[in-house]
Each structure stands twice: as C-alpha cells, then as structure tokens.
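Student: sequence first, predicted coordinates after that:
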Amino acid sequence: MSNPEIRVAQPLTVPDSDALRFLPEGPMALGENGKLSWVGIQHGADILHGSINVLDLTTNLNQSFKLPGRPGFAFRCQDASKFVAGVERSLGIFDTSNGQWSPFCDGVDADVTNTIINDGLVIDDNLIFGTKDLEFATKKAGLYLYRGSDQKLIRLRDDQICSNGKMIRRDDSGNLFLIDIDSPTRTIVEHALDIEAGTLGDPRVVLDLTSDPGVPDGAILTPNGEGIIVAIFHPGVAEHGETRCYDLESGELRTVWKTPGSPQNTCPALVPVDGQLKLVITTAVENFSKEDQAQCPNAGQLFVGETDWPADETFPISIWPA
C-alpha cells in the first residue's frame, strides 16, 4: 500500500462563540459560490437546543438561526429561506426568515427512550436518517426512510447506537445502495436499498476501522463516487485531527487532511469556491475540559482543505423539493 498524500486544512475564525463551537456537524454546499449550511447540534453540554447556520466562505460571514431543539441534520429547500431538518424526534421545515418551525412528521423512535435524530441525507423527495442513543451505550437507535411518495415513516433498522455518515451509491444498473456508519462499530457498511418497497438488504462491510483509535463520524463520497471521505473523531487530546479519503473498492487510504489543534473531526463537505471544490471539515469541543481545550486551541472550529477536484455543473447539491 502506498503512503497517503498528507494535506493540512486551515482553521477558520468560524464559529466565534463557545456555544457554536460545542458540536458543529452536517456541512452542506448550497449551490452558490462559497456558501454552505451547517448545524450546531447543541450549544453546550446542558443546553437542549441548537441552530442552523449559513456560512459564506468568501467573506467568512456566518448567520446563525436558533432552533427549538437539537438538530441532527438540515437541508435547504427550494425556497432558499427554508430548511428541512430533523430536530429531536421530529421532521419539519424551519423558516430562517421568521424563525418558524413547522413539524410534518413526529414520533421518531417513539417506542424507545433517550434517543434523538442524528445524521441524514436527501434523495429525491425522500429522507434517510438515523438516531443516536444519548448515552452511546445501547443498540436501540433507529435508521429511517421518510418516503416522499406517501409521506410514510419506515424504520429500516432498530439496532444502532449512533447513526452517522450516510451516502447513496448507484450501480451500473441503477440499483441503489446505502453506505452507512454506526460510529461505535468503527465499520462502514453498505446495504442494498429499495425505496419503493421500503426495505434494506443485509450489510456488507466496505471499510473496517476497528483497529483505529479514532471513530468514523460523518462521511461523503468523492465526486467520481470511487472514494469515501471520512471525518475521524479522535477521543481525547491530540496534536491534530484527521479527515481521510479511502478508495471505496480496495479500502486503500489515499489522502489525509490534518486539522491542527482540533482532533475531534465530525463531518466533511465539498463546497465550490471559485471553480474548485474545497473540503470543509467541522470539528467539536464536546467532551473536552478547559485543560483539554487549552491543548487543542482550534477545537470546534471549521477547517478548509484543498482538493484537486474542479467545481462544475455536475456537482450534486442536496435540495429538499418543497
């Protein structure tokens, strides 16, 4: 196996508050040059609300919109002032123009306790998302399909602990596959996915990180679909964090983006900026003491790394059709 290419991502001055640095996740390109959204899952260890944020990389201006609970994900709607989001145990539409939260699907994980919605994705008029056990201990968190054709909530799995990175792959015949991470397993798996039937096939391990000290968190596919970019959440103090690109077929590590002074990488996103795709990496302060933070001065900041991928009209943007 060849040595991976090492790149160093640069920290931004965003977020600029302790609340927003606590647990940033879910960066998403918005389709405009340098613009992305991201979520602050919660604004402190004992604070049970978070935010949707809109950041312009060309100006470093970040707008933050407080939510009535803790979000797991948010995707822009066709109406650019609105986002579809998973908050606590509900799906809904949040309007940034007036702060209104309008749930359209309640009762996620209704038969278990102490879970909330976590990572998700949009595919056409469907949402696929998971939940997380807030104690990170019990295999009770769900994996769900919200099927747009009939507005039905379908539970695909009920045995995860912290359901994180999610990606959709199509084979040459057009069949869908869900690539999914239940972080504590330290494995990345792939399932055949049938949205019309509302079913998920048996898991196949595509990347095994069980011997790694870090935990795979959020993840995305490379533009050609041949690689997977994984944010690694390294528990405890370290000189830097890592977000890694692996070859999907061979599992070979191709590229590592280091995040100096911030070991807890949470999610990656590719964002078009002036004709090139930049890698945006969210990182977190969560679990750190004041002493830990002093040793990891960039914890909780967003980072930007360089890539060799050009931004063009084929770059996919996740937009909810509402």
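Tutor: Nice, thanks for sending it over.
Student: just say helix, strand or coil for D292.
Tutor: What DSSP: H, G, I helix; E, B strand; the rest coil gives for D292 is helix.
Student: list the residues that contact the nearest residue to it once chain neighbours are set aside.
Tutor: Distance criterion CB to CB, 6 or more residues apart in numbering; nearest residue to D292, sequence neighbours excluded, is V237 at 5.3 Å. No exception for glycine: its C-beta is placed from N, CA and C like everyone else's. Residues counted as contacts of V237 (CB atoms under 8 Å, 6 or more residues apart in numbering) are 263, 292, 295-296.
Student: residue boundaries of the strands in the stretch 1-150 of the chain?
Tutor: Secondary structure of the stretch 1-150 of the chain (DSSP state E, counting those that start in this stretch): strands located at 5-8, 10-11, 24-29, 35-40, 51-56, 61-66, 71-76, 82-87, 90-95, 100-105, 115-123, 126-133, 141-147.
Student: ok, the longest one: who's next to it in the sheet?
Tutor: Looking back up the chat, that one is strand 115-123. strand 126-133 (antiparallel) (DSSP bridges).
Student: CA atoms only for the partner strand, dumped as PDB, please.
Tutor: Provided in PDB are the C-alpha atoms of strand 126-133 (Å, rounded to 0.1, in the frame of the first residue of the first chain):
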ATOM      1  CA  ASN A 126     -37.100  11.100   0.400                       C
ATOM      2  CA  LEU A 127     -35.100  11.400   3.600                       C
ATOM      3  CA  ILE A 128     -32.900   8.800   5.100                       C
ATOM      4  CA  PHE A 129     -31.700   9.400   8.600                       C
ATOM      5  CA  GLY A 130     -30.700   7.800  11.800                       C
ATOM      6  CA  THR A 131     -30.900   8.500  15.500                       C
ATOM      7  CA  LYS A 132     -28.400   8.200  18.400                       C
ATOM      8  CA  ASP A 133     -28.500   6.900  21.900                       C
END
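Student: offset the numbering so it begins at 888, please.
Tutor: Done: numbering now begins at 888, and the last item shifts to strand 1013-1020.
Student: give the rounded mean pLDDT of it.
Tutor: Mean pLDDT, strand 1013-1020: 98.
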